[in-house]
Structure formats: structure tokens, C-alpha cells
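S.K.: Give me the fold of what follows.
(one chain, ligands or ions: 1)
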Amino acid sequence: MAEQTTEQKKQRIFSAIQPTGVFTLGNYIGAVRNWDKLQEQYECIYAIADLHAITVMQEPAKLRQNTMRAFALMLACGMDPERSITFVQSLNPHHAELSWVLSCSTMFGELSRMTQFKDKSRRHSDNINAGLFTYPVLMAADILAYNADLVPIGADQKQHLELARNIAQRFNQRYGDTFTVPDCYIAPQGARLMSLQDPTKKMSKSDENANGCVFILDDKDTILRKFKRAVTDSETEVCFREGKDGINNLMTIYSAVTGKTFAEIEAEFAGKGYGDFKTAVGEAVADHLAPLQAEYNRLIADKAYLTACMNNGAEQAFRLTRRTLQKVYRKVGFVDRK
Ligand code: TRP
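M.R.: Below is the predicted model:
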């Protein structure tokens, strides 16, 4: 009789981030810092999506540098190459190969309805290339190649995931069961941070006012300055109350990085002014990010390690996707793939 396994097989998560920009404090508090727990519960596969990045104009040297940075940041934020598969998308050729096959199961009309394509073609009207149009097919290939169960994504990628599900279902129907139909991973509700300049809006890297958003690699002076300029209200009391959006947001941030409750924070700042409070929040955020920043700086200086690590991850990724590609090639009627 087969040996009984008490441990259930972990569900598989796939996600990718583009090598553009740095996480905001909002991304970090809301989702990224839960990566540690995520890797306990799930089998995680995380890629830097450099293939997707070239759908808009990139300067080659910059892209290479940003890819290294994004990879280092992913590791500094806790993605652990010992426990998870971490790599760069272009290092595993199966993504692009599968994308071609899947594009023949994707309708022109479906891609035409993608709101991100419409937005981006408006913003980059001088470069409406075919890759921008088929971008969601490559994303579907990323996910389906690994038969991922769950995909953590932001609201802006929902429509793309929905399309990936449709492509998987269509392919399965036409050729027989091949792909896992992925679901959206809904993260346990982390704190939602608001802009420091307009606390009724979510903290976003595209905030018109640069002081509204803190990035996790901002240096201490920048962090302190952004918090010092945070918009509050005309009262003086540090307390969490409806209508005090600015103070509520600062309390949320302070609580998230210190672990203190709102009651403790109110007691700590009773009789003190907003100025003291803002400085304390800035200091606490800078202290909280310091170890992550130190790790990032250590990694980014070690190019040999990063290169070895992303290639090693890509090899692991390649082994997983080879089986999918073999299966797909056989199903669509290609001659045997060794
Ligand atoms: N398109 C995603 C973004 O810009 C990045 C991405 C590429 C992705 N492939 C993916 C996300 C697969 C999840 C799964 O955010």
C-alpha cells in the first residue's frame, strides 16, 4: 500500500513584477512583507518580467541594470531562493515559446478589449507594437506554463488574469485537459496606506506630488522630509477618528511598523503636537526599512551572486515548464520534442 502522506501538497503561486520602479511603502506594508508567510504556505515562483518590459521603449543598458535591481530588491524583501523559485523571465525560453502557441488560442477581439492595451496605446502612441497587444498572452503563458493555482495581482491586472483563465479553458476544451485554470490570490487584508499629501487617495507611485509616496529605498532624510510634510488637519490631538484622514493614515503606518495599537499611540502622543508625531513616524519607518535597505545594498554590490542566483532559479523553472511544453506540443500536433 502506498505510504500515506499527512502533509497536503502545497498550492502553487506564480507572480511576476516588471523591472520598473521600486515598491512603495504601501506595497510593502500591504503585501510584500507577507512574502515570508506566503512561502511557508505555498510553493512560490517569482519572476522579474523583463520580456514584458520591452513592450514599451527601454534603453538596453538601463533595462539590464533595472532587472538586476528588481531581482536584488525581490530577495531583499524576503523572497528566499532556497525555499522558492526566483528568476528572470527571459532566462527561461519556455515563456516565449508557450506564448506563441497560446496566441493561436486567443482571439483578436479579446485582446482588443484589454483596457491596459487601450491606455498604453494612448500613452505611447508612437510605439503601438504587436508585443503591447499580445502582452496578456505572454502573461497567460507565464502562469499556465507552471500550472499555477493562484496568482497574486493588483486590481490593474485582473482583466489579464481573467483572460489567462479563458485561454486555459479554451485550450483545455479544444485539446483535452492540459492547464490548471488559475485563480486570483486574495492576500489577507494588510493595512491600506494613503497618500501623505492627499490621505483620501491610495498611496501610489504615480502620485502627482512626489511627497505623497514613500519608496522603500528612500534614504532616511527623504523619508523624514516626506513625513514632516504630510498633510494632517487643523486640530492638535493625535487620535484615530473619522474625518482625521491624515492622522489616521500616519497612525496606521506607525502601528504597522512598530506593532503598537492605536490606544498605545494615542497615549504616547497625548499632549504632544503633530510635529513630534510626524517625526516619530518618519524615524520609525526609516528604522523599519533600514535592515531591508542594508540587505539590498549588500546584494546589489554582489553581481556574481545575483547572476548565479537568477540562473539557478531559471534552471529550476525550466525543469518545471519542460513538462508542460512537451505536453502542449504533443497535443497541438507537433512532432515529438526530446
Ligand atoms: N503584468 C504584470 C504587471 O505589470 C507583471 C506580470 C507579468 C505578471 N507576468 C505575470 C503578474 C504573471 C502575475 C502573473 O504587474
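
S.K.: only C-alpha atoms for contact and neighbour calcs from this point on.
M.R.: Will do.

S.K.: The closest residue to the ligand within the stretch 51-200 of the chain: neighbour count?
M.R.: Proximity of the stretch 51-200 of the chain to the ligand (CA to the nearest ligand atom) peaks at Met139, 4.2 Å away. Met139 is flanked by 24 other residues according to other CA atoms under 10 Å.

S.K.: who are the neighbours in contact with it?
M.R.: Residues in contact with Met139 (CA atoms under 8 Å, 6 or more residues apart in numbering) are 160, 164.

S.K.: what's the answer for the one 10 residues further on, then?
M.R.: For Asp149, the contact set (CA under 8 Å, 6+ apart) comprises 11-14, 180-183.

S.K.: buried subset of those?
M.R.: 12-14, 180-183 (16 or more other CA atoms under 10 Å).

S.K.: mind checking the SS state of Thr20?
M.R.: coil (DSSP: H, G, I helix; E, B strand; the rest coil).

S.K.: next one: phi and psi at it?
M.R.: Backbone torsions of Thr20, given as degrees, to the nearest 10, read phi -130, psi 120.

S.K.: neighbours of it, just the number please.
M.R.: 15.

S.K.: Just to check, Thr106 is in contact with Val137?
M.R.: Yes: using CA atoms under 8 Å, Thr106 makes contact with Val137 at a distance of 7.5 Å.

S.K.: if you count what's nearby, which of the two comes out ahead?
M.R.: With neighbours defined as other CA under 10 Å, Thr106 and Val137 compare such that Val137 has more, 28 against 20.

S.K.: what's the pLDDT at whichever residue of the stretch 201-338 of the chain sits closest to the ligand?
M.R.: In the stretch 201-338 of the chain, the residue found nearest to the ligand is Lys205; the distance is 13.3 Å by CA to the nearest ligand atom. pLDDT, Lys205: 91.

S.K.: Could you find the closest non-adjacent residue to it?
M.R.: Spatial nearest neighbour of Lys205, excluding adjacent residues (CA to CA, 6 or more residues apart in numbering): Cys213 at 6.1 Å.

S.K.: ok, now which ones touch that neighbour?
M.R.: 24-25, 195-196, 203-205, 207, 226.

S.K.: what do you get for Leu193?
M.R.: 25-26, 29-30, 202-203, 249, 252-253.

S.K.: Could you measure from it over to Gly131?
M.R.: 34 Å (CA to CA, to the nearest Å).

S.K.: still on that earlier bit, in what helix or strand does the residue of the stretch 51-200 of the chain closest to the ligand lie?
M.R.: helix 130-145 (DSSP states H and E).
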